[in-house]
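*Asks:* Provided below for reference: sequence and predicted model.
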Amino acid sequence: MLNNSDAFIALPDGIDTLEEIFQIGSWAQLNIHHKPIGLLNVDGFFNKLLSFLDQAGEENFIPHSARRIFISASTAEEMIDKLEDFVYKPDLVAAQIDWSKGSSSKKRKMNLSLHL
């Protein structure tokens, strides 16, 4: 899905949808993608989530680029217009990690032994 899409759109729904929204959002924060995440905000369904994201950005819990990647619209037509106009603007302090396939030929070995 990630490689075959230009954007992501979430419709009002339950916990599973919120989990998917934040998973895709965390991938953007990790520079795995720079695609917009559209929230179809029917009857203000996502208003409190958007307020939470605004506050998290204002208080520097998330980078501003992570907040800006979330696009809100109340109609499908408005959503399409906003997604087409979206331009990713990275934060200068954001980590520049390359998560593309094959970017690391070296495998790290972890010591998971338990010492009591």
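*Replies:* Happy to help now that I have it.

*Asks:* the closest residue to Phe8 other than its chain neighbours and Leu83, how far apart?
*Replies:* In space, Phe8 comes closest to Ile37 once its chain neighbours are excluded; the distance is 4.8 Å by Cβ to Cβ, 6 or more residues apart in numbering. Bear in mind the C-beta positions are built from the backbone N, C-alpha and C, glycine included. Distance of Ile37 to Leu83, computed by Cβ to Cβ, to the nearest Å: 10 Å.

*Asks:* shared neighbours of these two, which are they?
*Replies:* Between them, Ile37 and Leu83 have Ala7, Ile9, Ile71 as joint contacts when contacts are counted by Cβ atoms under 8 Å, 6 or more residues apart in numbering.

*Asks:* what about the last one, neighbour count?
*Replies:* Applying other Cβ atoms under 10 Å, we find 21 other residues in the vicinity of Ile71.

*Asks:* what does Ser65 give?
*Replies:* Ser65, neighbours per other Cβ under 10 Å, totals 19.

*Asks:* Phe61 now?
*Replies:* As a burial measure, Phe61 scores 12 neighbours (other Cβ under 10 Å).

*Asks:* show me the contacts for it.
*Replies:* Neighbour list for Phe61: empty [criterion: Cβ under 8 Å, 6+ apart].

*Asks:* surely it forms part of a strand?
*Replies:* No: residue assignment for Phe61, taken from DSSP: H, G, I helix; E, B strand; the rest coil, gives coil, which places it outside any strand.
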